[in-house]
Every structure is written in C-alpha cells, then in structure tokens.
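Enquirer: The following block contains a protein sequence and its predicted model.
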Amino acid sequence: TRAALVDSLLMLNDLRAEYYPNYAVAAMNTKGQYMTQFYKDPKALYEGLGKIVAVNQEKTKPSLLLLQLNSAIDMFKDGNLGAEEVINTYQNAIALIGKAEQTEDVVKTKGDIEGLFITSQVASCDNLIALFTPRYEADPENIELVTNIVKMMGNTEGCQNNDLFLKAVTKMHANEPSAASAYYLYKLHASKDENDTAVKYLEEALAFPDLDSQTKANYQLELATFCTKNGMNGKAFSAAMKAAELDPANQGKAYYLIGTIWGSVRCGGNEVERRANYWVAVDYLQKAKAADESLTADCNRLIGSYSVYYPQKAEAFMYDIVDGQSYSVNCGGMHATTTVRTQK
C-alpha cells in the first residue's frame, strides 16, 4: 500500500542515519522532505518535522523549518495547537536559521518564515507582550531580539502603544540611529502626549545628512504643525519657514500655519503693539492663498476675523503711526516687518 511504501522510505533514512553517522544530517533532511510530500495531516507533519528539527538543529534544511511553522499554523486554525506553541515554533525557526550560513536561499526562507508568521495573525498583542517582555528584560542589549520585537509588534495591529514596543524601538534607534527610526520615535511619543520628547526626536530626524530635501520639507511642516498645536510658537514659526524654503509646494500650508501662529500669539505693550501681530498674520494669509488657491476660503475667513482687531486710526495716530508705514514686530520669540493698517 501507499502508506507502507511511505513508511519504508522514512525507515530507510532512519537506518541510513543510524549506520552512517556522517550522512545523518542529510538523511534526516531527506526524511523531512518525504514527510512534506506524503503527510497530509498537519499534526503528523508538525510532530514529525519537530523530531527532525530537534536532531538536526541549525543544520535543518530551511524549507523544513518553514513547513513546520506552516503545519503549526494549520493546527492553530483548527483549534489543535495554542498560540504560544506556534510562537515558540516561529522563534525556534528564526533562531536556528540565524545560526546557519546566510546564503541567498537561507535569507529568502527566513523572510518567508517571518512573512508567514506575521500574515497568519496567530500572535495577539497580549501574547507578544507576554512572550517578549521576559526575554527583553533578560537580555536588553540583544539587538537581534530587539529588532525581532519591533518587526513583530510593528506588524501586529494595535500593538505599538505599549512600553515594551517603545523600549525596543528606542534601543534599536540607539544602536543604529537613522532618520526613519527617529521619526518613528517622534510618532510614538506624540501618541503618548510626551510632546517635548516627540519634538526632540523629530528634530533629530531632521538633522540626518542623508535625508532628502522633499522628506526634510515634509518633516519641517509636520514639526511646525505639531508645535503649533502644542503651544510651541517659536519652534513652529521657524519650522514652517524652513518648510516653505525647502519645497515651494509646501508654501501655502506653511504660510497659512504661520498666519495662524501670529494670529493666536499674545503680545504686550501699548494699544498698537498689542495688535500689531494681526497685521503680520494677515500678511502671511495673503501669501498663503497666493501660493495655494485651495486655501483661499480658509484664508479669507481668518483675514476677516483678524482685521477687526486692527487698531483704530485715532489710536495709531496717538503713537505717530499711520497707514502704510513700515513697522517691526517682535513677539513670542518671533520677528517680522509688516505694514500698518487701521480700521477706517
């Protein structure tokens, strides 16, 4: 029968491994390949390959590690294997393949193993936290472990807003700093309302010399927007100006942002000095709609709101200030030269 023939093939490889130790690894790998061809039951394949992996360790043929994981996932989906066992199978496969010589085939199979596990969605965030927290605490300097945590938790929906993930990303960034990891840390800290730390990382991302000008312009605009929302007007103004300089396509949004910053800042001094910021705000809103027509309606609405705060002509006259005159404004860590306008 077919079953008897399969048993004979498998036994031949057992005998070969037993009597010819030098060929034991190859015999076990061949046995595993026969199993993947003839075993249709996921449980039988999972357990059979598990015995081969236990013997051959890092000398296990990479495709067998992939197929062992696949059978574990099939069992999980059928309710015959727990999530932790699947995660352990995955972890063991990654550890063993990491010890093997990193040929093109091995590297590809490692990527296939990671992709299979991630897309299977076996690991819930709670499972990953329970699995990785003790491992991280035991060996926080293990960069391979840290990278694995970031990759797995980063690809698991809703699994980025926790302390373990933040620690792992921070450790990975400290070991191999990049603009991308600094930007990611900005997003993570921003989501936790840790605004000063978030800004620190976004500024760090901007400092990388290999950052292309388009990305730099977008980061500057994002920094300006974030700082505006969080009351850091001086930084917001500076970042928005840089965003406008770096990319003309950003000028409309950048100038609009600067207009709202100047419109919301509170300035001290006399009646004119306290209202001079509205002249600057309107200047930038006019520039914003000239740069980006889609902003015209929003700009006109704000211009209408801000212009009612212009000083009265008589008030300005008391300070020897008249319409059309050049005027310097220093307020909230910002400086601008504008033109005097009064309410008629």
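Expert: Looks like it arrived, so ask away.
Enquirer: Mean pLDDT per helix and strand in this protein: which one sits at the bottom?
Expert: In the chain, no helix or strand scores lower on mean pLDDT, DSSP states H and E than helix 2-19, which sits at a mean of 78.
Enquirer: For it, name the packing helices and strands.
Expert: helix 24-38 (3 or more C-beta pairs under 8 Å, 6 or more residues apart in numbering; DSSP states H and E). Just so you know, the C-beta spots here come from the backbone N, C-alpha and C atoms, and that holds for glycine as well.
Enquirer: just the angle between whatever helix or strand comes next after the helix it packs on and helix 24-38, please?
Expert: Going down the chain from helix 24-38, the next helix or strand is helix 42-56, by DSSP states H and E. Taking axes from the mean of the first three to the mean of the last three C-alpha atoms, to 10 degrees, one finds that helix 42-56 is oriented at 170 degrees with respect to helix 24-38.
Enquirer: what's downstream of helix 42-56, the next helix or strand?
Expert: Heading C-terminal from helix 42-56 (DSSP H and E), you reach helix 62-77.
Enquirer: any idea how far that next one is from the chain center?
Expert: Distance of helix 62-77 from its chain centroid, counting by C-alpha atoms, centre = their mean, to the nearest Å, is 29 Å.
Enquirer: Convert the C-alpha atoms of the helix or strand that that helix is followed by to PDB, please.
Expert: Using DSSP H and E, the helix or strand that follows helix 62-77 in sequence is helix 83-99. Taking only C-alpha atoms (Å, rounded to 0.1, in the frame of the first residue of the first chain), the coordinates of helix 83-99 have been written out as PDB:
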ATOM      1  CA  ALA A  83      -0.800  30.400  20.100                       C
ATOM      2  CA  GLU A  84       2.200  30.100  22.400                       C
ATOM      3  CA  GLU A  85       3.300  26.800  20.800                       C
ATOM      4  CA  VAL A  86       3.000  28.500  17.300                       C
ATOM      5  CA  ILE A  87       5.000  31.500  18.600                       C
ATOM      6  CA  ASN A  88       7.700  29.200  20.100                       C
ATOM      7  CA  THR A  89       7.900  27.200  16.800                       C
ATOM      8  CA  TYR A  90       8.400  30.500  15.000                       C
ATOM      9  CA  GLN A  91      11.000  31.700  17.400                       C
ATOM     10  CA  ASN A  92      12.900  28.400  17.200                       C
ATOM     11  CA  ALA A  93      12.900  28.500  13.400                       C
ATOM     12  CA  ILE A  94      14.200  32.100  13.400                       C
ATOM     13  CA  ALA A  95      16.900  31.200  15.900                       C
ATOM     14  CA  LEU A  96      18.100  28.100  14.000                       C
ATOM     15  CA  ILE A  97      18.100  29.700  10.600                       C
ATOM     16  CA  GLY A  98      20.000  32.600  12.100                       C
ATOM     17  CA  LYS A  99      22.800  30.200  13.000                       C
END
